[in-house]
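Novice: just the structure for this:
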Amino acid sequence: MRLDTLLVRAAERLSESGSTSPRLDAEVLLAHVLGVDRTWLYTWGDKVAPSGERARFEALVAARTEGHPVAYLIGEREFWGLPLATSSHTLIPRPDTETLVEITLRLADTAEGRLLDLGTGTGAIALAFAKERSSWQVTGIDRVAEAVALAETNAERLGMANVRFLVSDWFSALGSERFEMIAANPPYIAENDPHLRQGDVRFEPLGALVAGDDGLADLRHLSRAAWSHLVPGGHLVMEHGHDQAAAVCELLEGAGYVEIGNYRDLAGQERVTLGCKPKR
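Specialist: Numbering: from 1, shown residues only. A predicted model of the protein is given here:
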């Protein structure tokens, strides 16, 4: 069967299963199986798929019709232009989180400094920042050892020398270390949120998604605990749910932060809130 015909049939099958991006899913899966980029598929659509590759592709399409995320099926997701290995031990990096990276880069206006990425997962935030600020020292922590191992693998593949990853339950392994910047994309979804039963999140680790107190428990904890790990004038930058901005502002204000501000993601939702530890 020709590749273009194979793609059309796969896209139809994925569409019927409820995929919101059936053609893209099909192209990404086939490109992965063939070891080519998506442009190649358009150029050589008249080629015939070898039987072995076709069988592998159809198996992946079948898994995708069951809802398995494409990033887990191919073991990779691009974030900030970086190809990151993924696994079921971590959340899948999402474009919305690039907003958090953008904000940290704006704030990192000194030649040198230290950034801490809390709950690093694949290492996405830490590695994106390290790429743009090679003179800064970056630390990523996660309580899941498999996530830390994956982040280390991504750093090695990308040749990032200014970043380290540690197993730590929030700040537990950091002692008295302090940072100019702390970034976090913590769990912030309420336990009863219906979105947990939809889309890719059904297959992602709940511990990285769900927090108590209607999703605010970890945001509240970090607002307080980060204080002693920030230098005077340092910033805490946190991603949160689209309807949590006002609550997070209150948490930061109550903890003593100043210069509190909200920022919107690519979809126009309030997604990131920051606060500054006063210099005095």
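
Novice: the longest strand along the chain pairs with which strands, and in what direction?
Specialist: Longest strand of the chain, by residue count under DSSP state E: strand 230-239. When sheet partners are counted by DSSP bridges, strand 230-239 sits next to strand 179-184 (parallel), strand 270-276 (antiparallel).

Novice: now distance to residue 9 and mean pLDDT too, for the ones you listed, in a markdown table please.
Specialist: For glycine as for every other residue, the C-beta is placed from the backbone atoms N, C-alpha and C. Output for the strands paired with strand 230-239, formatted as a markdown table (distance: least, Cβ to Cβ, whole Å; pLDDT from 0 to 100):
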| stretch | distance to residue 9 | mean pLDDT |
| --- | --- | --- |
| strand 179-184 | 43 | 98 |
| strand 270-276 | 37 | 97 |
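
Novice: between those, which one is nearest to residue 20?
Specialist: Closest approach to residue 20 among those is made by strand 270-276 (20.0 Å; Cβ to Cβ).

Novice: dump the residue contacts of residue 272.
Specialist: Shown in contact with residue 272 (Cβ atoms under 8 Å, 6 or more residues apart in numbering): 99, 100, 103, 237, 238, 239, 240, 262, 263, 265.

Novice: how long is stretch 166-173 from one end to the other?
Specialist: 8 Å (Cα to Cα, to the nearest Å).

Novice: and that stretch, what's buried?
Specialist: Within stretch 166-173, the residues that count as buried by 16 or more other Cβ atoms under 10 Å are 166, 168, 170, 171.

Novice: quick one, strands of the stretch 51-200 of the chain?
Specialist: Secondary structure of the stretch 51-200 of the chain (DSSP state E, counting those that start in this stretch): strands at 76-79, 82-85, 114-118, 137-142, 163-167, 179-184.

Novice: neighbours of residue 128, how many?
Specialist: For residue 128, the count of nearby residues is 25 (other Cβ atoms under 10 Å).

Novice: hang on, it packs against residue 100?
Specialist: No. Under the criterion of Cβ atoms under 8 Å, residue 128 makes no contact with residue 100, lying 9.2 Å away.

Novice: quick one: low-confidence ranges for the stretch 1-150 of the chain?
Specialist: Scanning the stretch 1-150 of the chain for pLDDT under 70 picks out no residues.

Novice: got the domain ranges for the chain?
Specialist: Using automatic domain parsing, the domain parsing of the chain gives 3-67, 80-276.

Novice: can you give me the end-to-end span of stretch 135-150?
Specialist: End-to-end for stretch 135-150, by Cα to Cα: 23 Å.

Novice: helices along the stretch 1-150 of the chain, start to end?
Specialist: Here the stretch 1-150 of the chain has its helices, by DSSP state H, counting those that start in this stretch, at 3-17, 22-34, 38-43, 51-65, 70-74, 98-107, 124-132, 145-158.

Novice: helices or strands up against the last one?
Specialist: Put plainly, it is helix 145-158. When contacts are defined as 3 or more Cβ pairs under 8 Å, 6 or more residues apart in numbering; DSSP states H and E, helix 145-158 packs onto strand 82-85, helix 124-132, strand 137-142, strand 163-167.

Novice: report the central residue of the chain.
Specialist: Nearest to the geometric centre of the chain sits residue 93, at 2.7 Å (Cα atoms, centre = their mean).

Novice: these two touch, right, it and residue 79?
Specialist: Yes. Residue 93 is in contact with residue 79 according to Cβ under 8 Å; the separation is 3.8 Å.
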